[in-house]
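**Q** model the structure of this input:
(chains A and B)
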Amino acid sequence: MTNYQKIAELLYPNNKFTVEEILSKYPKRNLDKNQVVSRYAPSPTGYMHLGNFFQMFISYNLTRVTDGVFFLRIEDTDSKREKKDATQVIYEILDNFGIKANEYQTLDGEDIGAYGPYVQSQRVEIYKAFAKKLVAEGKAFPCFCKKTEGKEDVLKLREHKFENDDAKEYDPCRDLSYEEVEANIKEGKPFAIRLKTKNTGTERVKFYDLIKGEIDTKANAKDIILVKSDGVPPYAFAHAIDDTLMGTTIVVRGEEYISSTPAHMEIFDALGFDYVTYCHNPLICKIGDEGNRRKISKRYDPEADMRYYFEEGYPIESVLEYLLNLINSGFESWRRENPTLDWKEFKFGVNDITAVAPIFDLVKLNDISKNLISRMNKVDVYNGALVWAEKYDTEFAKLLKEHKNMAINMLNIDREIERPRKDIAKFKDVKALYSYFFNEIFDRAELLNFDEKYAKENIVRFLTAYKNVVDVTVQKDEWFAGVKEVAGSCGFATDNKAYKANPTAYAGNVADACTILRVAITGRTQTPDLYSIMQTLGKDEVMSRIDYVLQNLK
RNA sequence: GGUCCCAUGGUCAAGAGGUUAAGACAUCGCCCUUUCACGGCGGAAUCAGGGGUUCAAUUCCCCUUGGGACUACCA
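**A** Residues are numbered from 1 along each chain as shown, chains lettered A, B, ... in the order given. Down below sits the predicted model:
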């Protein structure tokens, strides 16, 4: 028995498995070469972040177009930062977005798929087996140093580090004798396991990244941590083992991992594993206060939290399509050519994935969403609004249900026609946009919101005449002819050219008359077709609102 | 400090040595129009800077500049 083997025994006297036993439980996947196996591996340290979702979505699409395997692995190795319901929220969000993993562990702890467990905290015995093997081979060693953790520790560490910038960082414990290790263990000192790097700081490594191409960089020369003193590995070690055992072919992750890839590669080497292919994607950004790009963050940007899109009532397709737009520039032109196809018909390709950190643009998202909702039929919009309201605005949900027919008619105005109106970006908008249809929530005082350019006497004269003359029950053309006539008789110009030539001679033009009418009935200057609104509201209600204006206008 | 990534209009971007440098969102103007919209037409707006290589560089190379990431017993 070598010294290394003796140390390994000392450290891990009663491991459950040997490496060979584990390896035999994870056979190679029986798939074609082009079928991608990829994963979403969130750590449940907070609610789902847009940047995270972005990576997930790329991974998902890669597997989707190759009919591969998309699995979910919960990386709960940092018990200190773990948030209680985070895993559940992640599952819910994926579910709501219609993203289905082929393999995962259910919330009840049942593994779906043959490569589990899909939760890292349940895999510590596996990591221990590999750690023991590396120690026995002299490729890793126990470290009894005081641990560094958290931001303050790191900052303190760096103060000195930058001064004496040594290319290699060997740990003081790397050459402890058997006796020294034994003494520490007997004392009951906790230990971490570190990689004994083979490098000296001058070596270089190359790897091929699917997005960035060949990356040629400094090799790892640090005795990095493989197992923390709590017995659980940090990301790097777990990544190497799990992605190998689970047969991942492409690791999709954010580009912040590029710099640690050489370390990951050395772990793969030590373990005797083949490298995986990496796909390092840019981070989604926002414009910072100084006009710089900065990573989108939940702290400053509400849209960075995926729950935001549900709270606002965006249709899931809108969000997915916007993201697809950022990921793959070809999507937008494909969508224009295929306006009605499901986004899943889009042939997603790695080559088209952007290498530039995109700036998140809510305006563009809204545009995509408005187009999408404008193409929906009235019942779908009604249901969308209702589902949203039942969760986030129960008062409005009640109204939608009580006035179901009216609400559907209301949402049908300027809809299901060749060029539908594009006013709703998210279901939350419906209430604000259409509140004048609901007397329960509509404040009639809004009906008095006339622009000050309209003289009070003109408003009164016109509305009075309108009320006495125009019949709402007639056809649209006839109705409008009536409006025009009344407007003319009240001093509004019916000939726009004449009006433009001499605007002061008139109270306004027919457009102004219509604006007055629109405000008197809806309280706003922008609404769908006014005639249809009046039909939906009914004659009595329309007349009652005009009376209200006449009586209260000051 | 070191290592790496990125660089076409305000934003998303096409272009891969020779183009009047696409398109979308936003913006502005005009048209259509009973308002608002929708739609149509048009405008303004981009190759960060400097060196190479080449007959020719937005495109290839180098440097500079700018932005970003990492440099934890976090992921």
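**Q** tell me the SS of A:Thr77?
**A** Of the three states, A:Thr77 takes coil under DSSP: H, G, I helix; E, B strand; the rest coil.
**Q** can you tell me how far A:Lys476 sits from A:Leu537?
**A** 15 Å (CB to CB, to the nearest Å). For every residue, glycine as well, the C-beta is placed using N, CA and C.
**Q** just A:Ser43 next, same as before
**A** To A:Leu537, A:Ser43 is 53 Å away according to CB to CB.
**Q** that older thread, A:Lys476 and A:Leu537: which has the busier surroundings?
**A** Neighbours of A:Lys476 and A:Leu537, each counted by other CB atoms under 10 Å, are more numerous for A:Leu537; the result is 22 against 12.
**Q** looks like that one contacts A:Phe437 (just checking).
**A** Yes. Contact criterion CB atoms under 8 Å: A:Leu537 and A:Phe437 qualify, at 7.0 Å.
**Q** and for A:Tyr434, nearest residue in space, chain neighbours not counted?
**A** When the adjacent residues along the chain are set aside, A:Tyr434 lies closest to A:Met410, with 5.8 Å between them (CB to CB, 6 or more residues apart in numbering).
**Q** give me the contacts around stretch A:387-407.
**A** A:310-311, A:313, A:382, A:385-386, A:427-428, A:431, A:437-438, A:440-441, A:536 (CB atoms under 8 Å, 6 or more residues apart in numbering).
**Q** let me know the pLDDT of the residue nearest to A:Tyr434.
**A** At A:Met410, the pLDDT value in this model is 95.
**Q** could you say which helix or strand holds it?
**A** Per DSSP states H and E: A:Met410 is located in helix A:404-412.
**Q** buried stuff in the helix or strand following that helix?
**A** Next helix or strand after helix A:404-412 toward the C-terminus (DSSP H and E): helix A:429-434. Residues of helix A:429-434 classed as buried by neighbour count (16 or more other CB atoms under 10 Å): A:429-431, A:433-434.
**Q** what's the answer for stretch A:505-518, then?
**A** Within stretch A:505-518, judged by 16+ other CB under 10 Å, the buried ones are A:506-510, A:512-518.
**Q** got it, and stretch A:354-369?
**A** A:357-358, A:360, A:365-366, A:368-369.
**Q** residues contacting it, please?
**A** A:50, A:211-212, A:282-287, A:293, A:296, A:301, A:303, A:314-315, A:318-319, A:321-322, A:325-329, A:425-426.
**Q** that stretch spans what distance, first to last residue?
**A** One end of stretch A:354-369 to the other measures 22 Å (CA to CA, to the nearest Å).
**Q** does it reach RNA strand B?
**A** Yes. Using CB under 7 Å from any atom of the strand, stretch A:354-369 reaches RNA strand B at A:354-359, A:361, A:363-364, A:367.
**Q** could you do stretch A:20-39 as well?
**A** No. Using CB under 7 Å from any atom of the strand, we find that stretch A:20-39 stays clear of RNA strand B, coming within 11.6 Å at best.
**Q** and what of stretch A:113-123?
**A** No. Judged by CB under 7 Å from any atom of the strand, stretch A:113-123 and RNA strand B are separated, with a smallest distance of 8.5 Å.
**Q** mind listing what's buried in that stretch?
**A** For stretch A:113-123, by 16+ other CB under 10 Å, it's A:113, A:115-120, A:123.
**Q** ditto for stretch A:169-189
**A** So stretch A:169-189, judged by 16+ other CB under 10 Å, has buried residues A:170-171, A:173, A:176, A:181, A:184-185.
**Q** residues in contact with that stretch?
**A** By CB under 8 Å, 6+ apart, stretch A:169-189 touches A:3, A:6-7, A:10-11, A:141-145, A:191, A:194, A:196-197, A:221-223.
**Q** how near is A:Ser369 to A:Phe53?
**A** On the measure of CB to CB, A:Ser369 and A:Phe53 end up 17 Å apart.
**Q** wait, A:Leu155
**A** Distance from A:Leu155 to A:Phe53, by CB to CB: 30 Å.
**Q** looking at these two, which has the bigger crowd around it?
**A** Taking other CB under 10 Å, A:Leu155 and A:Phe53 do not tie; A:Phe53 has more neighbours (26 against 9).
**Q** what's near enough to touch that one?
**A** Per CB under 8 Å, 6+ apart, neighbours of A:Phe53: A:93, A:306, A:323.
**Q** so which of the residues of stretch A:354-369 next to RNA strand B are in helices?
**A** Among the residues of stretch A:354-369 next to RNA strand B, DSSP state H puts A:363-364, A:367 in helices.
**Q** now the nearest residue to A:Thr106 once chain neighbours are set aside. Its backbone dihedrals?
**A** Spatial nearest neighbour of A:Thr106, chain neighbours left out: A:Ile112 (6.6 Å); criterion: CB to CB, 6+ apart. Dihedral pair for A:Ile112: phi -100, psi 110, per degrees, to the nearest 10.
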